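A.B. asks: Okay, sequence plus prediction incoming.
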Amino acid sequence: MPPQASLSRLVSRAVVLPRLNHTAGAIRTLRTAAETIPSTSIKILRLVDAVRQWRKPHMVNYRSVGLVPTMGALHEGHFSLIRAAARENHHVVVSIYVNPAQFGIKEDLASYPVTWETDAAALAKLDREFADDGANLGRISAVFAPTTPEMYPSGFPGQEINSKGSFVTITPVGEVLEGASRPTFFRGVATVCMKLFNIVQPDRVYFGQKDVQQTVVIKRMVKDFMLPTEVVICPTTRESDGLALSSRNVYLGPRRRRVAVVLSKALRAAEDKYKNDQLSRSDILGAANDVTTTVLQAQMELPPDQRVTFEVDYISLADPETLQEVDTVDPSKGAILSGAIKMQRVEQAQSGEDLGHSGGPAVRLIDNIILPPKAE
């Protein structure tokens, strides 16, 4: 049997990525499925008990474990986190779980890209890279791909703001910026990360700077709940034109993809002001707003079958620890520049145009730049 067929067969009978519900028969299938990605030693773990059994001897033998939490649809940004984890740990665990609690009731859970077969092949290739690179301490040892009933044993409580259930809520840092626009998002993030940390018990966890507010929330959670885990933040991975890599970029299609760099360009313009010793909010954010306004005006002058429209949700200049907005940057502390825009659906498609994954729904993009403290 050719390798690709073997991989397809494994996926079809062994891996069902989580949505909201699975039958008892599906759970039994998961329990008896094959245990590794083909042609690798990477274990596929779907049950909490299986992860704990795998983890126990490594703890006894003082072997470090690094965790890279993902929702699948892996890209180079994820791979950079996995590489960092392999350099610093004996074992790397990659979790692949589309957490419904991170989606609002009107958001894109149903259309979120589920690409297990591609992800598994990419992890196998990456692990072979590690085998040939003597600079790494460890390799990918396991993929944790649970179902929603496994992650929410009392039943998934729902995505509504007033849902009842067991949640982890980190405030006030989880209530501003993304939290203001998506009020259940960081509740979902903190809750699932607490679960993953308790299940895997990693020595280190790896997150990208692109989701900067998420990193602040997770670091606060680890500190406040005294979790024995080090949070490692890695730089944002970008395309050559500056667009931050994201699993949601597949929704864009070529036309919107060309305009999507507006956010990174706006943040860079604001960063330049800070580099030139301009510290006021009006100067720094004024530069960013000039970019978004200019780009949008230029798009609106194009005919409907060529233009791209977007809405700016926010562009923020915030304290690096509290994420509260600042009027003037304290040069001894620096600040965080961040923003979110919503790329609207294509107004009028051209014949045969590639609109992106799932027909090109509206896409919310985020990005940020850290303004470091200035030397005295």
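C.D. replies: Received, thanks.
A.B. asks: how near is residue 356 to residue 257?
C.D. replies: 8 Å (Cβ to Cβ, to the nearest Å). C-beta: built from backbone N, CA, C; applies to glycine.
A.B. asks: Can you pull the poorly scored residue ranges out of this structure?
C.D. replies: The chain contains residues with pLDDT under 70 at 1-34, 376.
A.B. asks: and the spatially most central residue of it, what is it in contact with?
C.D. replies: Centroid-nearest residue in the chain, with Cα atoms, centre = their mean: residue 70, separated by 6.2 Å. Applying Cβ atoms under 8 Å, 6 or more residues apart in numbering, we find residue 70 in contact with 78, 94-97.
A.B. asks: Among those residues, name the ones in strands.
C.D. replies: 94-96 (DSSP state E).
A.B. asks: Make a markdown table out of those residues and add distance to residue 197 and neighbour count.
C.D. replies: Converted to a markdown table, the ones in strands among the contacts of residue 70 look like this (distance: Cβ to Cβ, whole Å; neighbours: other Cβ atoms under 10 Å):
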| residue | distance to residue 197 | neighbour count |
| --- | --- | --- |
| 94 | 15 | 26 |
| 95 | 10 | 27 |
| 96 | 16 | 26 |
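A.B. asks: so which of these comes closest to residue 186?
C.D. replies: Of all the ones in strands among the contacts of residue 70, residue 95 has the smallest distance to residue 186: 18.0 Å, by Cβ to Cβ.
A.B. asks: Mind listing the residues bridging to that closest one?
C.D. replies: residue 69, residue 144 (DSSP bridges).
A.B. asks: quick one: it from residue 89, how far?
C.D. replies: Distance from residue 95 to residue 89, by Cβ to Cβ: 15 Å.
A.B. asks: do the same with residue 319
C.D. replies: In terms of Cβ to Cβ, residue 319 sits 32 Å off from residue 89.
A.B. asks: Show me which of those two is the more surrounded one.
C.D. replies: residue 89 (25 against 16; other Cβ atoms under 10 Å).
A.B. asks: next one: the helix or strand where residue 87 lies to chain centre, how far?
C.D. replies: Secondary structure from DSSP states H and E places residue 87 in helix 76-88. Computed by Cα atoms, centre = their mean, to the nearest Å, the chain-centroid distance of helix 76-88 equals 13 Å.
A.B. asks: for that helix, packing partners?
C.D. replies: Judged by 3 or more Cβ pairs under 8 Å, 6 or more residues apart in numbering; DSSP states H and E, the packing partners of helix 76-88 are strand 65-70, strand 91-96, helix 116-131, strand 139-144, strand 204-208, strand 230-234.
A.B. asks: For those, give me a markdown table that also has distance to residue 221.
C.D. replies: Listed next are the helices and strands packed on helix 76-88 as a markdown table, based on distance: least, Cβ to Cβ, whole Å:
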| stretch | distance to residue 221 |
| --- | --- |
| strand 65-70 | 13 |
| strand 91-96 | 16 |
| helix 116-131 | 26 |
| strand 139-144 | 19 |
| strand 204-208 | 11 |
| strand 230-234 | 9 |
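A.B. asks: between those, which one is nearest to residue 53?
C.D. replies: strand 139-144 (11.1 Å).
A.B. asks: list the buried ones in that closest one?
C.D. replies: Buried residues in strand 139-144, counted by 16 or more other Cβ atoms under 10 Å: 139-144.
A.B. asks: Nice, that's everything, thank you.
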